[in-house]
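Student: my questions are about this predicted structure, shown below with the sequence.
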Amino acid sequence: MPDRLKINQARFPLLDEAARLVGWSDEPPFFRRTTLRHPEAEELIGTPIVIVPALLMVDTHIRMAGGTPDSEGLWVLAIAHASCIRHMPIVIRGG
């Protein structure tokens, strides 16, 4: 298993327990043994963290994630508190 996730995404949205956008990170998460870690996200949203798909609908957010805005939105990987999975599918319309 790779030490760091490698994807072509500019920034990662950070989602809290209620799947609300609470921040952004330039750094991808990494594995320490079998645990997904991200110190910045852990400090902001708590633990445990997971990676979830999220649909960004706001042009500014799409640009921050490295995409080109359009009416369809942009699916990205978000770093989230594990409790937010109960809110899937996650669509970010504001924040």
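Tutor: It's in.
Student: let's check: the centremost residue of this structure is which one?
Tutor: The residue lying closest to the centre of the chain (C-alpha atoms, centre = their mean) is A78, at 1.5 Å.
Student: element containing that residue?
Tutor: In this structure, A78 sits in strand 74-81 according to DSSP states H and E.
Student: state the mean pLDDT of the helix or strand that that strand is followed by.
Tutor: Toward the C-terminus, strand 74-81 is succeeded by strand 90-92 as the next helix or strand (DSSP H and E). Predicted confidence along strand 90-92 averages 95 (mean pLDDT).
Student: tell me which strands strand 90-92 pairs with, and in which orientation.
Tutor: Strand 90-92 has its sheet partners listed here by DSSP bridges as strand 49-56 (parallel).
Student: flag the shaky bits of the protein, pLDDT-wise.
Tutor: 1-9, 95 (pLDDT under 70).
Student: can we see that at 50?
Tutor: 1-3, 5 (pLDDT under 50).
Student: and the closest residue to M88 other than its chain neighbours, what are its bridge partners?
Tutor: Among residues not flanking M88 along the chain, V52 sits closest, at 6.7 Å (C-beta to C-beta, 6 or more residues apart in numbering). For the C-beta atoms, the positions are set from N, CA and C on the backbone; glycine is no exception. Beta-bridge pairing of V52, defined through DSSP bridges, involves A78.
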